[in-house]
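Would you be able to build a 3D model of this:
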Amino acid sequence: MPSDYLFTSTARPAWWTTFRVYLEPAALRMLVLGFSAGLPLLLVLGTLSFWLREAGIDRTTIGYLSWVGLAYAFKWVWAPLVDRLPIPLLTRILGRRRSWLLLSQLAIVLGLVAMSFNDPQVALTPVVWGALAVAFGSATQDIALDAFRIESAAADRQAALAASYQTGYRLAMIWAGAGVLWIAAQVQTAGGAPYQHSAWQMAYLVMAASMALGLVTVMFSPEPQCRPMPPAKNALDWLRGALVEPFADFLHRYHWQAALILALIAIYRISDVVMGIMANPFYVDMGYSKEEVAAVTKIYGVIMTLAGAFIGGALAMRLGVMRVLMLGAVLSAASNLLFAALATRGHDLTGLIFVISADNLAGGIASAAFIAYLSSLTNVNYSATQYALFSSMMLLLPKFLAGYSGRYVDAFGYQHFFVATALLGLPVLLLVWLASRVKMVSMP
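Take a look at the predicted model:
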């Protein structure tokens with residue numbers, strides 16, 4: 001696709017024709033599948049940390065357990081297998097993309113059920129194994145779904161599919177964030193102990209049942225027409241096509257500048273990711289109730305993120321992606337300083353609303369520009385593998401550092417921690433400035 005595709009058009013369709021694309025079957029399917037993709041993320045990261053903290057698990061342990069999320073950072077390792085390897089019997093029935101989607105969704109369901117039946121206050125290890133199953137299933141679903149989306153429509157429909165996917169993803173985050181807390185609060189016995197495992201068990205079982213939307217959609221979706229692949233002569237030939245060529249293609253297009261691009265991808269969201277692991281323990285320790293956290297951070301916060309994404313997308317069209325990348329980097333780091341100020345105020349609901357407004361708006365702007373940037377780097381001939389590489393690189397270093405976040409808070413306190421996460425964003429500004437001078441390579 002030409003690099004200037006999104007900015008030029010020989011004939012502009014009517015507004016109704018433009019928006020009618022969101023009612024097409026492919027866009028509606030992507031809305032539901034986006035919901036299926038967004039549901040597991042918080043259940044093994046943000047929401048899980050709230051559950052663990054309420055169960056009395058110490059912050060240092062919660063920080064280390066965030067390394068479960070490294071499954072998303074290493075998904076590029078098995079992305080070539082998802083891209084090319086058939087699943088016995090299942091692939092013959094459903095096709096390559098749908099078979100991997102179905103298998104990964106079943107892994108998510110089983111992992112959530114396993115988590116629900118184990119109380120971390122009694123036995124933490126089974127909960128961790130269940131979370132790992134969910135994380136690996138979710139990461140695999142992301143790989144297959146990115147390829148499914150790219151192959152499901154022509155270039156002029158990709159933006160609409162991405163928007164539908166993001167909308168479904170954000171709706172799922174509301175359900176997996178606010179929904180879980182609301183269900184747990186309603187099931188919890190009035191006047192009982194502050195922590196009741198039965199409440200969280202019911203909440204996670206409902207989340208497992210919610211994956212049925214994705215399972216049904218996969219079963220009734222048409223398999224996209226995949227790019228035909230020449231048969232491999234031997235195992236070495238297959239490995240070269242699956243593992244080497246996608247990465248060699250990227251290096252061939254950008255040469256030494258590939259290192260700069262990968263460095264930017266690796267740390268662009270570092271301030272947000274490292275800070276995010278301690279956000280829910282922070283809410284618990286500041287005395288915010290489940291209902292307050294659900295309403296402010298999980299519902300209102302997601303709405304503000306969506307608003308930021310729309311603003312970021314519009315600004316990228318007007319100003320260019322790299323300028324909005326810079327703006328997003330500045331705002332994301334600066335918003336962490338607001339959390340540092342909030343840490344000095346204790347239980348302050350008005351202050352929380354203000355901070356969440358600024359932080360999620362900034363995050364939405366940064367995410368919109370970053371997704372556009374990643375997409376521009378991908379060669380459609382290696383869609384699953386290359387996009388998995390880029391999205392994995394985005395999480396690897398931040399998730400690793402986030403594992404020490406609880407230990408840092410225990411040693412220095414929340415205020416010092418939030419300031420430190422803001423400072424982590426300073427090198428990002430330099431890398432964005434340098435990357436803006438790299439000429440993007442157009443794809444056929």
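
What is the least confident helix or strand in the protein?
Among the helical and strand segments of the chain, the one scoring lowest on mean pLDDT, DSSP states H and E is helix 15-19, with a mean of 55.

residues contacting the nearest residue to Thr344 once chain neighbours are set aside?
In this structure, Thr344 finds its nearest non-sequential neighbour in Gln415, 6.2 Å apart by Cβ to Cβ, 6 or more residues apart in numbering. Placement of C-beta: from N, CA and C, glycine included. The contact partners of Gln415, taken as Cβ atoms under 8 Å, 6 or more residues apart in numbering, are 340, 343-344.

Where does Gln415 sit: helix, strand or coil?
Assigned with DSSP: H, G, I helix; E, B strand; the rest coil, Gln415 falls in the helix class.

so how far is Gly214 from it?
In this structure, Gln415 and Gly214 are 41 Å apart, going by Cβ to Cβ, to the nearest Å.

Over to Tyr414?
Distance from Tyr414 to Gly214, by Cβ to Cβ: 36 Å.

more neighbours, the two?
Gly214 (26 against 20; other Cβ atoms under 10 Å).

Any buried residues in the helix or strand containing the more buried one, and which?
Taking DSSP states H and E as the criterion, Gly214 maps to helix 212-220. Counting neighbours by 16 or more other Cβ atoms under 10 Å, one finds that the buried residues in helix 212-220 are 213-214, 217-218.

Among the contacts of Gln415, which ones are in strands?
Assigned to strands by DSSP state E, none of these qualify.

out of these, which are buried?
Applying 16+ other Cβ under 10 Å to those flags 340, 343 as buried.

can I get the contacts of Gln415 in CSV with distance to Thr47 and pLDDT?
What follows is the contacts of Gln415, written out as CSV (distance: Cβ to Cβ, whole Å; pLDDT from 0 to 100):
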residue, distance to Thr47, pLDDT
Ala340, 24, 94
Ala343, 21, 93
Thr344, 26, 92
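
Redo the contacts of Gln415 as CSV? Include distance to Ser99.
Formatted as CSV, these follow (distance: Cβ to Cβ, whole Å):
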residue, distance to Ser99
Ala340, 48
Ala343, 48
Thr344, 53
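
can you tell me which of the contacts of Gln415 lies nearest to Gly63?
Ala343 (16.7 Å; Cβ to Cβ).

What does the closest one show for phi and psi?
phi -60, psi -20 (degrees, to the nearest 10).

dump the residue contacts of it.
282, 286, 413-415, 418.

Relative to Phe117, how far out is His197?
For His197, the distance to Phe117 (Cβ to Cβ) stands at 10 Å.

Looking only at neighbour counts, state which of these two leads.
His197 (18 against 13).

Gln121 is in contact with the more buried one, correct?
Yes - counting by Cβ atoms under 8 Å, His197 touches Gln121, with 6.9 Å between them.
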